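Undergrad: Here you go, sequence then predicted model.
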Amino acid sequence: MRNSDTMCTQIVLHLLFFVSSLFSIPAASLCSKDGSVVRNISEIPSGNYGRDGLSHITVAGAVAHGMKEVEIWLHTFAPGARTPIHRHSCEEVFVVLKGTGKLLLGSSSSNSPGTPQEFKIHVNSTFSVPINDPHQVLNTDEHEDLQVFVIISRPPIKSFIYEDWSMPHVAAKLKYPIFWDEECWDSHKDEL
Ligand SMILES: *[C@@H]1O[C@H](CO)[C@@H](O)[C@H](O)[C@H]1NC(C)=O
Ligand SMILES: *[C@@H]1O[C@H](CO)[C@@H](O)[C@H](O)[C@H]1NC(C)=O
């Protein structure tokens, strides 16, 4: 190729780049649905959404990805961190990826959760929480994070939060949308 041709090609390429940058769609806004087939979990936004000691990632969700039947979270609890005492009318399965902690499970059949049953949880343990049973997951370790993979059915989730185990079920406070769904709630449309 002659030199002048090369120059021409370069100028055209620069122009094309400039023009395309004028028209390109701005970086996907925070609340636009991510339609990628394969997502790198390290690049999915994480946050504590006002919960001390929690790092939440929606791996696949109703609001973020248009999921209809299941939703998946990755939760990392700092030492001592815990979920609120809460219940929801969906199935929930946990897989412990890291750390140790406790599952506290109250009753849905009496007026209030009552003294919860305690279960130790550890790496590679899995448990599911029966529909509507009040529960709480805690990191009991002083040094290590507790990391759990959480699968829930029927998203987006409607959660009822208790102040303590003696609070009557009817007094538990509805939290809907849930903390991490708030930001993009308006862009969410239930298409079912
Ligand atoms: C996933 O994202 C992390 C953080 O940006 C990056 O270090 C890693 O290389 C990515 N993995 C792949 C396979 O792209
Ligand atoms: C969890 O259990 C599976 C099945 O036994 C095993 O292959 C895997 O290595 C275990 N993972 C950890 C982190 O212990």
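TA: Sure, I can see it. Ligands and ions are numbered 1, 2, ... in the order given.

Undergrad: make it CA atoms for all contacts and neighbour counts henceforth
TA: Noted.

Undergrad: Would you mind listing what in this protein touches ligand 1?
TA: Residues of the chain lying close to ligand 1 (Cα under 6 Å from any ligand atom) are 40, 42-43.

Undergrad: Check this protein and tell me which residue is nearest its centre.
TA: Thr58 (3.3 Å; Cα atoms, centre = their mean).

Undergrad: In contact with Val137, which residues?
TA: Val137 makes contacts with 82-83, 101-104, as judged by Cα atoms under 8 Å, 6 or more residues apart in numbering.

Undergrad: Which stretches in this protein count as strands?
TA: 54-60, 70-77, 85-88, 92-98, 100-105, 117-122, 126-129, 135-139, 146-153, 159-162, 173-175 (DSSP state E).

Undergrad: that older thread, ok, of the residues of the chain next to ligand 1, which come out buried?
TA: Neighbour-count burial (16 or more other Cα atoms under 10 Å) is assigned to none of the residues of the chain next to ligand 1.

Undergrad: Looking at those residues, spot the one nearest Met167.
TA: Ser42 (38.4 Å; Cα to Cα).

Undergrad: Next, count neighbours for the nearest residue to Ile44 once chain neighbours are set aside.
TA: Excluding the flanking residues, the one nearest Ile44 by Cα to Cα, 6 or more residues apart in numbering is Ile57, at 6.8 Å. With neighbours defined by other Cα atoms under 10 Å, the count for Ile57 comes to 22.

Undergrad: What residues does Ile57 make contact with?
TA: 44-47, 73-75 are the contacts of Ile57 under Cα under 8 Å, 6+ apart.

Undergrad: what bridges to it?
TA: Leu74 (DSSP bridges).

Undergrad: ok so, going back, redo the strands of the chain as JSON lines? Include mean pLDDT and distance to Ser36.
TA: Output for the strands of the chain, formatted as JSON lines (pLDDT from 0 to 100; distance: least, Cα to Cα, whole Å):
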{"stretch": "strand 54-60", "mean pLDDT": "97", "distance to Ser36": "11"}
{"stretch": "strand 70-77", "mean pLDDT": "98", "distance to Ser36": "16"}
{"stretch": "strand 85-88", "mean pLDDT": "98", "distance to Ser36": "29"}
{"stretch": "strand 92-98", "mean pLDDT": "98", "distance to Ser36": "25"}
{"stretch": "strand 100-105", "mean pLDDT": "98", "distance to Ser36": "33"}
{"stretch": "strand 117-122", "mean pLDDT": "98", "distance to Ser36": "33"}
{"stretch": "strand 126-129", "mean pLDDT": "98", "distance to Ser36": "29"}
{"stretch": "strand 135-139", "mean pLDDT": "98", "distance to Ser36": "31"}
{"stretch": "strand 146-153", "mean pLDDT": "98", "distance to Ser36": "20"}
{"stretch": "strand 159-162", "mean pLDDT": "98", "distance to Ser36": "29"}
{"stretch": "strand 173-175", "mean pLDDT": "97", "distance to Ser36": "29"}
